[in-house]
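Colleague: This is the structure alone, sequence omitted:
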């Protein structure tokens, strides 16, 4: 099978290191898994495109080339709109200074919606809708687990106050949205299923409160990768957002949402030195290539700056990147491991699985696409950063 | 005074957020401080360009447009060479797969030198020199404090073995180089001066061992920002490398190398929400804009994801970015602080001082250059990433 994109006549044996490697078979399998699960629950998937920031990856994850999709920056909205996506939620609270870009994008035919959690913002959206001469579709963010932003689901006074300010002011009240960020601290299927139910209940009760007040609430949106996979009932929910499920990572494996062999993203690196007296193997993937993300530090198994694999992506059970400088990674045996360091001469190429696909991906400007067990680079897919 | 670079008719009041702001008056003062100090010790400065990754910043830091300079990636070497830099040390251990780019750059007239710490690498350098038909200038890395890579300074057998392999094999043995990375764990002037003396002694004794064996050692290179500022005697040293001194950051302030008001780099951000019941102010600078670097976490004062300043760069003594999601920063009062949260309505613009200028800078593609106390953007300087 050929992968679409720029054809690159190269292999993992010759690429400049460090760089990103993407196992497209894992990507396809991860996407199919969530699609099947959500289909069985009768709910649409609105993939969050912030993890990949890549048109080719987005097209695999979306149900159509036009979306739907969620984004975390207006830059993402603009880039994906240029690639044909037409149904986008900008899922970070709207602020003054951002309306010009929002309406400029809407003027190109993109149905871009924004979110908020205060009457103050609702008044800003109303004023911006009036200035632009069109109602801006707006969702009210609900805080289902005390994790970040959003209206408490039982604060009906605030909820209805925001809804009424939007509706009466001439903006479009499109619905409610929540994100179970707290699910990242849960472990195991039962706990994750409880998080998913809490997420669902919060947003469904908020929707009911709006409707009871005579306000519209067509969209009821939930989403986090752990809860998306462990939801057993999504009655009342219209769509699920998830992002990191496309690539997965060591944090998701630590929570129990995926296995190590489901992780599609790795960093290709070269051995550049040895300190045998310290038990160190030095590689050219430091924190600049891996990011400073240490998301597994608080988990049962701390994976350091990443799990070390051979060139084909097979993990060395006992090796981790224990420490990192800007352009140096320090590979050691896992703490407490009884093994011995393998012979990995200068120039040996390895692949490192990341703590967090969103942050490691962001350190790079392209994906080198391979099939499972292959070292041939099938395509190079660009990714973008910025705001 | 006008700052060179692209003129941008804009101000911090209208820029899209988040983005990088660079106080050029701080940059100039920080550079002058180190230049004066090293001049008084009679030693040349070879600025490490990995922090800024920006031609305009590099030109301020270098003693001439042609260098000398140090870099952490071949991409930096290539970018700065294109801008006219001719004397560069690639200060990360050399590995197979990198020689083609090294010699391609040398063929354009750049005196690019590499470093290594093993006989294995010396043989690779010798073979590459033979293949290229020119001796590759090579420095032997010395480990002055057990921090990372390098030959132990008293391991004269290995040191001379590497030196002889290079020299006898027809490469160019240019000298020795070390980096006192351990100085980042020191605190206060006396401890930093001791680190600097240990760094100096390690590399000077290594140079003596090579010379005693009849080998050349023209360059004796030390470098880290803390030791560069606190060295009192650099006898036997020919040059000092330092990088983060140009911008400084909260980690350097925590070590005692600079004050908070010496930090030239900040991230401009906008208030996007409030959770008064939690004591949170939400801004649009999350870890994507600040990086995941938590370098102050192990210091006496943990600065979270950064210190909060007003639009003119004046710190709020009691505010830090206590937590971060991908595109959300959570501002709170400092733990234990008795103050109250200031009124910062939706849309308020703030500037966040980073833990680590190298990692925060790397999340962005340009600097918005301002003078102290001004909100007018004098120039936009591009920065690059990648390898």
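Modeller: Received it, and whenever you're ready, just let me know what you need. Just so it is clear, the structure is predicted and the values come from calculations on it, not from any experiment. Numbers count the residues shown, from 1 in each chain, chains lettered A, B, ... in the order given.
Colleague: what about stretch A:352-365, how long is it end to end?
Modeller: Counting by CA to CA, to the nearest Å, you get 17 Å between the two ends of stretch A:352-365.
Colleague: how about that stretch against chain B, any contact?
Modeller: Yes - on the criterion CB under 8 Å from any CB of the partner chain, stretch A:352-365 is in touch with chain B at A:358, A:359, A:362, A:363, A:364, A:365. Every residue, glycine included, has its C-beta placed from N, CA and C.
Colleague: and what of stretch A:125-132?
Modeller: No - looking at stretch A:125-132 against chain B by CB under 8 Å from any CB, there are no contacts, and the closest approach is 11.0 Å.
Colleague: Residues of the stretch 151-300 of chain A that sit close to chain B?
Modeller: With CB under 8 Å from any CB as the criterion, the stretch 151-300 of chain A comes near chain B at residues A:181, A:270-275, A:278, A:282, A:284, A:287-289, A:291-294.
Colleague: What subset of the residues you listed is buried?
Modeller: Buried positions within those, assessed by neighbour count (16 or more other CB atoms under 10 Å in any protein chain shown), are A:181, A:270-275, A:282, A:284, A:287-289, A:291-294.
Colleague: Return the subset of the residues you listed lying in helices.
Modeller: Secondary structure from DSSP state H places A:287, A:288, A:289 of those in helices.
Colleague: Closest one to residue B:56 out of those residues, please.
Modeller: residue A:288 (21.0 Å; CB to CB).
Colleague: For the closest one, which non-adjacent residue is spatially closest?
Modeller: In space, not counting the residues next to it along the chain, residue A:288 is nearest to residue A:326; the distance is 5.2 Å by CB to CB, 6 or more residues apart in numbering or on different chains.
Colleague: Can you tell me which of the residues of the stretch 151-300 of chain A next to chain B end up in strands?
Modeller: The subset of those located in strands under the criterion DSSP state E comprises A:270, A:271, A:272, A:273, A:274, A:275, A:282.
Colleague: For those, give me CSV that also has pLDDT.
Modeller: CSV is the format used below for these (pLDDT from 0 to 100):
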residue, pLDDT
A:270, 98
A:271, 98
A:272, 98
A:273, 97
A:274, 97
A:275, 95
A:282, 98
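Colleague: Show me which pair in these is furthest apart.
Modeller: The largest distance within these, taken as CB to CB, falls between A:270 and A:275 and amounts to 16.4 Å.
Colleague: ok, back up a step: the residues of stretch A:352-365 next to chain B in helices, which ones?
Modeller: Within the residues of stretch A:352-365 next to chain B, membership in helices is found for A:358, A:359, as judged by DSSP H.
Colleague: Mind giving me the PyMOL select for the residues of stretch A:352-365 next to chain B, buried ones only?
Modeller: For anyone working in PyMOL, the buried entries among these, judged by 16+ other CB under 10 Å, can be selected with:
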select buried, chain A and resi 358+359+362+363+364+365
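Colleague: helices or strands up against the lowest-mean-pLDDT helix or strand in chain A?
Modeller: Sorting the helices and strands of chain A by mean pLDDT, DSSP states H and E puts strand A:10-11 at the bottom, at a mean of 94. If contacts are counted by 3 or more CB pairs under 8 Å, 6 or more residues apart in numbering or on different chains; DSSP states H and E, strand A:10-11 sits against strand A:376-377.
Colleague: same thing but 10 Å
Modeller: The criterion is 3 or more CB pairs under 10 Å, 6 or more residues apart in numbering or on different chains; DSSP states H and E, and the helices and strands that strand A:10-11 contacts are strand A:366-370, strand A:376-377.
Colleague: does chain B sit close to the last one?
Modeller: Spelled out, that is strand A:376-377. No - with CB under 10 Å from any CB of the partner chain as the threshold, strand A:376-377 lies outside contact range of chain B, at a closest distance of 14.6 Å.
Colleague: So for the helix or strand following that strand, mean pLDDT?
Modeller: Next helix or strand after strand A:376-377 toward the C-terminus (DSSP states H and E): strand A:379-382. Looking at strand A:379-382 alone, the average pLDDT works out to 98.
Colleague: Sort out which residues of strand A:379-382 are buried, please.
Modeller: Of the residues in strand A:379-382, A:379, A:380, A:381 count as buried by neighbour count, 16+ other CB under 10 Å.
Colleague: Can you tell me how far the first one is from residue A:16?
Modeller: Residue A:379 is 17 Å from residue A:16, where distance means CB to CB, to the nearest Å.
Colleague: What of the last one?
Modeller: From residue A:381 over to residue A:16 the distance is 17 Å, taken as CB to CB.
Colleague: How about the second one?
Modeller: Distance of residue A:380 to residue A:16, given as CB to CB: 12 Å.
Colleague: next one: stretch A:312-322 to chain centre, how far?
Modeller: Taking the mean of its C-alpha atoms, stretch A:312-322 sits 24 Å from the chain's own mean (CA atoms, centre = their mean, to the nearest Å).
Colleague: swap in stretch A:181-200?
Modeller: The chain centroid and the centroid of stretch A:181-200 are separated by 17 Å, computed with CA atoms, centre = their mean.
Colleague: For the closest residue to residue A:271 other than its chain neighbours, give its distance to residue A:122.
Modeller: If the residues on either side of it in the chain are set aside, residue A:271 comes closest to residue A:348, at 4.3 Å by CB to CB, 6+ apart. Applying CB to CB, the value for residue A:348 to residue A:122 is 58 Å.
Colleague: what about these two, which has more around it?
Modeller: Legend: neighbour count by other CB atoms under 10 Å in any protein chain shown for residue A:348 and residue A:122, higher for residue A:122 (25 against 18).
Colleague: Got the confidence number for that one?
Modeller: Among the per-residue scores, residue A:122 shows a pLDDT of 98.
Colleague: next one: residue A:338
Modeller: The confidence metric pLDDT takes the value 81 at residue A:338.
Colleague: Tell me both backbone torsions, phi and psi, for it.
Modeller: Per-residue torsions, residue A:338: phi -100, psi 0 (degrees, to the nearest 10).
Colleague: Wait, residue A:110 touches residue A:79, no?
Modeller: No - look at residue A:110 against residue A:79 with CB atoms under 10 Å: they stay out of range, at 11.6 Å.
Colleague: May I ask you to confirm that the residue nearest to residue A:271 is in contact with residue A:316?
Modeller: No - with the criterion set as CB under 10 Å, residue A:348 and residue A:316 do not qualify as a contacting pair; they are 11.5 Å apart.
Colleague: what touches both of these two?
Modeller: For the pair residue A:348 and residue A:316, residues contacting each of them under the criterion CB atoms under 10 Å, 6 or more residues apart in numbering or on different chains are A:310, A:342.
Colleague: for the lengthiest helix in chain A, which positions count as buried?
Modeller: Taking DSSP H as the assignment, the helix of chain A that covers the most residues is helix A:188-212. Under the neighbour-count criterion of 16+ other CB under 10 Å, helix A:188-212 has A:191-193, A:195-200, A:202-210 buried.
Colleague: now swap in stretch A:25-41 and tell me
Modeller: A:26, A:27, A:30, A:31, A:34, A:37, A:38.
Colleague: And the pLDDT at the residue nearest to residue A:272 when sequence neighbours are not counted?
Modeller: Ranked by CB to CB, 6+ apart and with sequence neighbours excluded, the top spatial neighbour of residue A:272 is residue B:93, at 4.1 Å. You'll see residue B:93 listed with a pLDDT of 98.
Colleague: what about residue B:93, how many residues close to it?
Modeller: 27.
Colleague: again, but for residue A:75
Modeller: By other CB under 10 Å, the residues close to residue A:75 number 16.
Colleague: That one belongs to a helix?
Modeller: Yes - the assignment for residue A:75, made by DSSP: H, G, I helix; E, B strand; the rest coil, places it in a helix.
Colleague: wouldn't it be in contact with residue B:17 here?
Modeller: No - the pair residue A:75 / residue B:17 is not scored as a contact, 11.9 Å apart, by CB under 10 Å.
Colleague: Now for these two: what residues contact both?
Modeller: With contacts defined as CB under 10 Å, 6+ apart, the residues shared by residue A:75 and residue B:17 are residue A:387.
Colleague: Just say helix, strand or coil for residue A:346.
Modeller: Look at residue A:346: counting by three-state DSSP, its state is coil.
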